[in-house]
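Q: Got a sequence here, can you model it:
(chains A and B)
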Number of protein chains: 2
Amino acid sequence: MHIELINTGHELLLGRVLNTHQQWICRQLADLGYEVNRQTCVPDDGASIQEAVREALGRSDLVLTTGGLGPTSDDLTRELIAQLLGRPLLLDTSILAGIEQYFKRRHGVMAESARVQAMVPEGARVLHNANGTAPGLAIELNPNPFLGGKRSWLILLPGPPRELRPMFLESVVPLVLAEFPQTAKFSSRTLKTTGLGESLVEEKIAAPLRPLVVRGLELGYCARIGEVEVRLSARGPNAEKIISEAEAIVRERLRSLIFGENDATLEQTVVAMLVEQRNTVALAESCTGGFIAHRLTNVPGASAVLKCGLVTYSNDSKIELLGVSELSIAQYGAVSEVVAREMAEGALRRCKTDYAIAVTGIAGPGGGSKEKPVGTVFIALADADGTVVKQKLNPFDRETFKSVTSQQALDLLRRRMLSQDSSEGL
Amino acid sequence: MHIELINTGHELLLGRVLNTHQQWICRQLADLGYEVNRQTCVPDDGASIQEAVREALGRSDLVLTTGGLGPTSDDLTRELIAQLLGRPLLLDTSILAGIEQYFKRRHGVMAESARVQAMVPEGARVLHNANGTAPGLAIELNPNPFLGGKRSWLILLPGPPRELRPMFLESVVPLVLAEFPQTAKFSSRTLKTTGLGESLVEEKIAAPLRPLVVRGLELGYCARIGEVEVRLSARGPNAEKIISEAEAIVRERLRSLIFGENDATLEQTVVAMLVEQRNTVALAESCTGGFIAHRLTNVPGASAVLKCGLVTYSNDSKIELLGVSELSIAQYGAVSEVVAREMAEGALRRCKTDYAIAVTGIAGPGGGSKEKPVGTVFIALADADGTVVKQKLNPFDRETFKSVTSQQALDLLRRRMLSQDSSEGL
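A: Predicted coordinates:
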């Protein structure tokens, strides 16, 4: 089966927007056992879109496009595709009613240009957009005139990720599974780890997994900021068995480095553990500037476990809100083990929680010194049993610094909750 | 001039890695007035790479590839291109010496496989790699056999961003400027707006800009969460003049909806205004969970203006940390105009800042009611002159809710600082 993805948009080729659709869509399909064979990005002008779609249809069973379904004058995909396929565009009154409804709920008035989103190429299946006005469109080409009369599908998706993603999961995945059933069994599992780099993770598991690779296991690594994913996949009648055996080996070798499966995030794991243990946490963030609070509150249900977060950027706020001693700041500096400890203990006391995490460091670009270079950070975890403080060096750009540091802080709490030596692998 | 970019790599099409090269390279070229006309991503197998390069050379003056120049078994680009062009690969002894040097400095021993990186297609120009072992290669095709004997360039770049980016700036930019001098002047400007949707922004400016479009103005819109970009560009001797006139019209029509130019973010604008006015701000966040603090602290220098941020998720913390009245919570609910006002005023008083922003709402997915559905949010802004509270409905998924709400909150502060009616356009 041959699949192509076409991303449309002038802004992509001008480099104004990062194309996150490619990774996301390819990843969803890969997890189901489908591989995208080519991805193309073209500007949203008539000739380019039609040429790219025609070429892709000449090679593919399935072509997906993103973008160009909105109401403005550079949203041309719908019209160009209808023209390319020689299908008239028909007004779908139920879509139009939905768009009118959408505007009524928000701005009170529908721009006349929004009407075009209710136009549907004849014979297309409409994919509901739960988060916007432009529906997706799925067109069966049977026969596909560009591929010698074979049957193909062409699916048009809207550009905004918050519209595209739910639509993909709710409508495209079932369509693909129904229209292109897997001929061989496919199984895959991703284990997510934190605390070790990619090559060290590989070193721990590559040799013991080798016999399974011979039997058909595909092994992939993906390093992201502060985490490494191990992806196990296999095809054929023994796929499930191979994956189970591989997972057992990886879990045995990596143990508590693994924090979750598939799409789990570290913050989801931490919130779930806190909920299960009926414990609460407080945060005292300096250099991470609210990012740990942000990550935890991205998890539905976080309100039950995160009692409060304090972003104490200034010395004054460390002293007033957390009870850090002025003397400690003067003597050791705001970025120090002593101040990190006092911040965590202050947050624990004032917020009356079971755990408190504190972070103080130098995010940069300025503020470093010879003894404490940019990237220096102290992470403290306090609970009724006492306080531990870890020193780290994360010499990265500002946003990467926040990501890595928040990962280390959340992992410190996770390991404490696992009742393990909190220094293992950190 | 026609330019194409080809990214190679299986991991890209499996969705394991985000393709950041596309945005980065396209952006560098766009800033110099060159537009990439198509980008393609193919897996690193022989047929796919050769097919994609052949097709691109059949359309292009300049083709750039990324990836596949390293020493491992899936690094095939160099060899496949040499084969496609019918040029022998010759050992370049000075590159080999450099690679040996590189290994000596690091690992002490050069793997035999690294030798392949010193092989150069006959006639290619070598692009120095300051951060790795694989040099880039620039090949002049004069004539280009795939484009009727026209002259084209094919440039091969390594995959790792920290190798590719310096090489691009040091070697590729000068080559492109020398080989493809701009024939017409190019000028572009992007104005960033918040407070209105894409179609309403277009409705305000499309008609008045029409005469300039006739004279060569290119107009592009890009909608992101909570903001719409308007991109103006033009080519030719009058480019600068057309852009200036267009900018004046857009500014006159959109006025304070515009918060910045080109790459500016709303948080950068807000921090810059606070710094300039020597004012400070405190945050009291409930439903945004630290995201406003996170955005502000992504801006270097934020520590001078953000005195403290309080993430008061629980009622207790609203009462204890902000001095919100228990009675108000009981009477009106934690998500109410009254509580938002008390949160902002409490933060202003306790943190002793010039401004305080408070946000309380229902992020969902649970917690909504008939009177206060999921997405309901109250945003308060307090300063010495008093407090305003805005009610919004942002019925989105959790992360989008946070993004939109934080954008509205930051914009409320921006508008207050502009000393304008803070309700305009919100």
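
Q: Low-confidence bits of the stretch 101-250 of chain A, can you list those?
A: A:107 (pLDDT under 70).

Q: show me what contacts A:Ser406?
A: A:Thr288, A:Phe291, A:Ile292, A:Arg295, A:Val359 (Cβ atoms under 8 Å, 6 or more residues apart in numbering or on different chains). Where you see a C-beta, it was placed from the backbone N, CA and C, and this is true even at glycine.

Q: What is the burial count for the spatially closest residue to A:Pro166 that is not a sequence neighbour?
A: Spatially, and ignoring its direct neighbours in sequence, A:Pro166 is nearest to A:Ala130 (5.5 Å; Cβ to Cβ, 6 or more residues apart in numbering or on different chains). Using other Cβ atoms under 10 Å in any protein chain shown, A:Ala130 is surrounded by 11 other residues.

Q: quick one: A:Ala130 and A:Cys26, what's the gap?
A: Between A:Ala130 and A:Cys26 the distance is 23 Å, computed by Cβ to Cβ, to the nearest Å.

Q: likewise A:Leu141?
A: To A:Cys26, A:Leu141 is 22 Å away according to Cβ to Cβ.

Q: Counting neighbours, go ahead and name the busier of those two.
A: Using other Cβ under 10 Å, the more surrounded residue of A:Leu141 and A:Cys26 is A:Cys26, with 25 against 18.

Q: Was I right to think the more buried one contacts B:His10?
A: No: using Cβ atoms under 8 Å, A:Cys26 makes no contact with B:His10, being 10.4 Å away.

Q: Can you narrow the contacts of A:Ser406 down to the ones near chain B?
A: The overlap between those and the neighbours of chain B (Cβ under 8 Å from any Cβ of the partner chain) comes to A:Thr288, A:Phe291, A:Ile292.

Q: how is chain A carved up into domains?
A: A:3-179, A:186-261, A:266-417 (automatic domain parsing).

Q: tell me the most buried of the ones you listed?
A: domain A:266-417 (a mean of 21; mean count of other Cβ atoms under 10 Å in any protein chain shown).

Q: gap between the two ends of it?
A: Length of domain A:266-417, first residue to last, Cα to Cα, to the nearest Å: 13 Å.

Q: which residues does A:Ile357 bridge with?
A: A:Leu283, A:Leu381 (DSSP bridges).

Q: Okay, strands next: where are they in the stretch 251-400 of chain A?
A: Assigned strands in the stretch 251-400 of chain A, in chain order: A:258-261, A:281-285, A:306-311, A:355-361, A:376-383, A:386-393 (criterion: DSSP state E, counting those that start in this stretch).

Q: Using a markdown table, lay out those strands together with mean pLDDT and distance to A:Leu348.
A: Below are those laid out as a markdown table (pLDDT from 0 to 100; distance: least, Cβ to Cβ, whole Å):
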| stretch | mean pLDDT | distance to A:Leu348 |
| --- | --- | --- |
| strand A:258-261 | 96 | 24 |
| strand A:281-285 | 97 | 6 |
| strand A:306-311 | 94 | 10 |
| strand A:355-361 | 98 | 4 |
| strand A:376-383 | 97 | 5 |
| strand A:386-393 | 96 | 8 |
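
Q: so what's A:Phe291 up against?
A: By Cβ under 8 Å, 6+ apart, the neighbours of A:Phe291 are A:Glu285, A:Lys402, A:Ser403, A:Ser406, B:Gly290, B:His294, B:Thr297.

Q: so the third one makes contact with A:Thr194?
A: No: using Cβ under 8 Å, A:Ser403 is not in contact with A:Thr194, being 11.4 Å away.

Q: Quick check: neighbours shared by those two?
A: A:Gly226.

Q: Might you report the residue contacts of the residue in the stretch 51-200 of chain A positioned nearest to chain B?
A: Nearest residue of the stretch 51-200 of chain A to chain B: A:Ala111, at 4.1 Å (Cβ to the nearest Cβ). With contact set as Cβ under 8 Å, 6+ apart, A:Ala111 has these partners: A:Pro71, A:Phe103, B:Ser199, B:Leu200, B:Glu202, B:Glu203.

Q: hang on, the third one is in a helix, isn't it?
A: Yes: secondary structure assignment places B:Ser199 in a helix (DSSP: H, G, I helix; E, B strand; the rest coil).

Q: mind checking how far it is from chain A?
A: 4 Å (Cβ to the nearest Cβ, to the nearest Å).

Q: Now do the strands in the stretch 1-150 of chain A.
A: Using DSSP E, counting those that start in this stretch, strands in the stretch 1-150 of chain A cover A:3-8, A:38-42, A:62-66, A:89-91, A:119-121, A:125-127, A:136-141.

Q: B:Leu96 is nearest to which of these?
A: strand A:38-42 (34.8 Å; Cβ to Cβ).

Q: So which other helices or strands are in contact with that closest one?
A: When contacts are defined as 3 or more Cβ pairs under 8 Å, 6 or more residues apart in numbering or on different chains; DSSP states H and E, strand A:38-42 packs onto strand A:3-8, helix A:10-13, helix A:46-57, helix B:10-13, strand B:38-42.

Q: would a markdown table of these with mean pLDDT and distance to A:Lys370 be doable?
A: Below are the helices and strands packed on strand A:38-42 laid out as a markdown table (pLDDT from 0 to 100; distance: least, Cβ to Cβ, whole Å):
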| stretch | mean pLDDT | distance to A:Lys370 |
| --- | --- | --- |
| strand A:3-8 | 98 | 47 |
| helix A:10-13 | 90 | 44 |
| helix A:46-57 | 95 | 54 |
| helix B:10-13 | 88 | 40 |
| strand B:38-42 | 98 | 45 |
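
Q: out of the ones you listed, which comes closest to B:Leu209?
A: Going by Cβ to Cβ, the one of these nearest B:Leu209 is helix A:10-13, 16.4 Å.

Q: Residues contacting the closest one, please?
A: A:17, A:19, A:41-45, A:74, B:22-23, B:26, B:30, B:35-39, B:220, B:222, B:229, B:231.

Q: Tell me where the model's unsure across the stretch 301-426 of chain A.
A: A:420-426.

Q: near chain B, which residues of it?
A: Checking the stretch 301-426 of chain A against chain B by Cβ under 8 Å from any Cβ, the hits are A:302-303, A:306-314, A:316-317, A:320-321, A:350-352, A:363-366, A:398-399, A:402.

Q: again, only using 6 Å
A: A:Ser303, A:Leu306, A:Lys307, A:Cys308, A:Gly309, A:Val311, A:Thr312, A:Tyr313, A:Ser314, A:Ser317, A:Pro365 (Cβ under 6 Å from any Cβ of the partner chain).

Q: Might one say that the first one is in contact with B:Tyr313?
A: Yes: here A:Ser303 lies in contact with B:Tyr313, judged by Cβ atoms under 6 Å, at a distance of 5.1 Å.

Q: any idea how far the residue of the stretch 51-200 of chain A closest to chain B lies from B:Val120?
A: Noted for A:Ala111: a distance of 57 Å to B:Val120, by Cβ to Cβ.

Q: same question, A:Ser328
A: Taking Cβ to Cβ, one finds A:Ser328 at 60 Å from B:Val120.

Q: and what of A:Gln277?
A: 61 Å.

Q: Residues of the stretch 1-150 of chain A that sit close to chain B?
A: A:10-11, A:13-15, A:18-19, A:22-23, A:26-27, A:30, A:36, A:38-42, A:71-72, A:111, A:113-114.

Q: which two in the contacts of A:Ala111 are spaced the farthest apart?
A: Longest span within the contacts of A:Ala111, Cβ to Cβ: A:Phe103 and B:Glu202, 14.9 Å.
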